[in-house]
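# Attaching a predicted model along with its sequence, questions to come.
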Amino acid sequence: MLRPWAMARSGNPMGGLSATAPDQLRWARFHLDRGRSADGTHVVAADLIGKMQEATATLPGSDLGDAVGISWLLSEIDGLTVVAHGGSTNGQYAGFTMVPAQRFAVVSLTNGEPNGPLFNRRIRDWALEEFVGLVEKPPMPEPRAAIDLAVYAGHTITDRRAVAGHGSIVQPRLGRAAHLRDGNVLGASRLAAA
């Protein structure tokens, strides 16, 4: 018996649709077939499907990908564009990845806590290597001169304790927040009453 999700209607954009792995693979095929349904009917123009998979904003240094398309997270592995969108709602974790140039897609769904996203990532990485020959290289740190990093140095004080680094003083009982660098107040604001 199916029961409604225990979620307000306002949550529908993030998790109001329930789909199985075969449902999601049909969605992948629709995109890999450039907007054609299973019977070959053109539902969405091929150029629009292509535009969805083009970068609209970059995400430098993000684990989500290199860029955002229209509803897609985009990255590149060995010169091939990888198109993905995963998510989680109510303890359900989805991983959805396509490599359009290879007409390949993998979907992984789990309700495993707390490592569902890690499980999905490992399934994705295994499938990309096994079926497409793609191996994503781990990110490499960029060397930076100490002078370039100095802007991040300073102290953070929270509840009257100093912590190395850069940050904020938050005094919830007093309803104030101060943002510090090197002990100097850069800005202050009043917090709304809780």
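The structure has been received and is ready for your questions. Numbers count the residues shown, from 1 in each chain.
# CA atoms for contacts and neighbours, from now on please.
Fine.
# Show the contacting residues for the residue nearest in space to the middle of the chain.
Central residue of the chain (C-alpha atoms, centre = their mean): Leu64, 3.8 Å from the mean position. Neighbouring residues of Leu64 by C-alpha atoms under 8 Å, 6 or more residues apart in numbering: Leu73.
# Phi, psi for it please.
phi -70, psi -30 (degrees, to the nearest 10).
# now it: how far from Ala84?
Distance of Leu64 to Ala84, computed by C-alpha to C-alpha, to the nearest Å: 9 Å.
# Let me know the secondary structure of Val151.
helix (DSSP: H, G, I helix; E, B strand; the rest coil).
# Neighbours of it, how many?
12 (other C-alpha atoms under 10 Å).
# Now do it against Ala145, distance only.
Taking C-alpha to C-alpha, one finds Val151 at 11 Å from Ala145.
# Same check on Gly87?
Gly87 is 37 Å from Ala145, by C-alpha to C-alpha.
# out of the two, which sits in the busier spot?
Neighbour totals were compared for Gly87 and Ala145, and Gly87 leads with 13 against 8 (other C-alpha under 10 Å).
# beta partners for the residue lying closest to the more buried one once chain neighbours are set aside?
By the measure of C-alpha to C-alpha, 6 or more residues apart in numbering, the closest residue to Gly87 outside its immediate chain neighbours is Ala94, 5.3 Å from it. On the basis of DSSP bridges, Ala94 is bridged to Gly87, Leu109.
# just Leu73 next, same as before
Bridge pairing for Leu73 - DSSP bridges - gives Val68, Ala84.
# Need the per-residue pLDDT for it.
According to the prediction, Leu73 has pLDDT 95.
# Backbone torsions only: list them for Thr89.
Per degrees, to the nearest 10, the backbone of Thr89 is at phi -150, psi 130.
# sorry, that was for Val107
Dihedral angles (degrees, to the nearest 10) for Val107: phi -130, psi 140.
# In this structure it contacts Thr20, no?
No. Using C-alpha atoms under 8 Å, Val107 is not in contact with Thr20; the gap is 9.4 Å.
# rewinding a little: any residues in contact with both of Leu64 and Ala84?
Common neighbours of Leu64 and Ala84 (C-alpha under 8 Å, 6+ apart) are Leu73.
# Show me which residues of the helix or strand containing Ser75 are buried.
Using DSSP states H and E, Ser75 sits in strand 73-77. For strand 73-77, the buried set under the neighbour-count rule, 16 or more other C-alpha atoms under 10 Å, comprises Leu73, Leu74, Ser75.
# Likewise for stretch 120-140?
Asn120, Arg121, Ile123, Arg124, Asp125, Ala127, Leu128, Leu134.
# which residue packs closest to the fourth one, ignoring adjacent ones?
It stands for Arg124. In space, Arg124 is closest to Val106, 6.6 Å off (C-alpha to C-alpha, 6+ apart).
# which stretches of the chain aren't confidently modelled?
Along the chain, segments meeting pLDDT under 70 span 1-5, 155-194.
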